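K.L.:
sequence first, then the predicted structure, then my questions.
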Amino acid sequence: MTFADFSQQVLQPLEQTSSKLEQTEILANFFRRLQPQLTTPDEVKPYIYLSLGQLGPIFANPQTNVGIAFLIQALGQLHPSEGQSLFGDQGIDPQLPES
């Protein structure tokens, strides 16, 4: 399963509801559908961590090492016409520096 599929089938529906019962149902249904595809229990871990909004276990402290300025630059490239309005008022230039 691609991250795009996981995001569309699980993360977006979770984000769109505030009902804990509905969120539980979304996750339970996803894991039921996923179960036949898994060959080892470790294969489910990435889905669990991503569902929790984490990259891995808390004790491992996994980080992406992506700084806020880099993230803002990437978002500015995605929508250059909107980048300034999104981030310009914070004193951050969303454009990449000229090389």
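P.N.:
The structure has been received and is ready for your questions. This one's a predicted model, so the numbers in the text were calculated from it and none came from an experiment. Numbering: from 1, shown residues only.
K.L.:
so where's this structure shaky on pLDDT?
P.N.:
Along the chain, the parts satisfying pLDDT under 70 run over 61, 64, 71, 79-99.
K.L.:
how many neighbours does Phe30 have?
P.N.:
If you count neighbours by other C-beta atoms under 10 Å, Phe30 ends up with 19. (C-beta placed from N, C-alpha, C; glycine too.)
K.L.:
helices of the protein, start to end?
P.N.:
3-6, 12-16, 20-34, 45-51, 68-78, 80-87 (DSSP state H).
K.L.:
got those helices as a markdown table, with distance to Pro62 columns?
P.N.:
What follows is the helices of the chain, written out as a markdown table (distance: least, C-beta to C-beta, whole Å):
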| stretch | distance to Pro62 |
| --- | --- |
| helix 3-6 | 16 |
| helix 12-16 | 21 |
| helix 20-34 | 21 |
| helix 45-51 | 9 |
| helix 68-78 | 17 |
| helix 80-87 | 26 |
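K.L.:
kindly report the domain assignment for this protein.
P.N.:
The record's domain split for the chain, according to automatic domain parsing, is 3-60, 64-99.
K.L.:
for the first one, what is the distance to the chain centroid?
P.N.:
Mean-position distance between domain 3-60 and its chain equals 11 Å (C-alpha atoms, centre = their mean, to the nearest Å).
K.L.:
residue contacts, the closest residue to Gln54 other than its chain neighbours?
P.N.:
Excluding the flanking residues, the one nearest Gln54 by C-beta to C-beta, 6 or more residues apart in numbering is Pro62, at 7.6 Å. Contact analysis of Pro62 by C-beta atoms under 8 Å, 6 or more residues apart in numbering lists 54-56.
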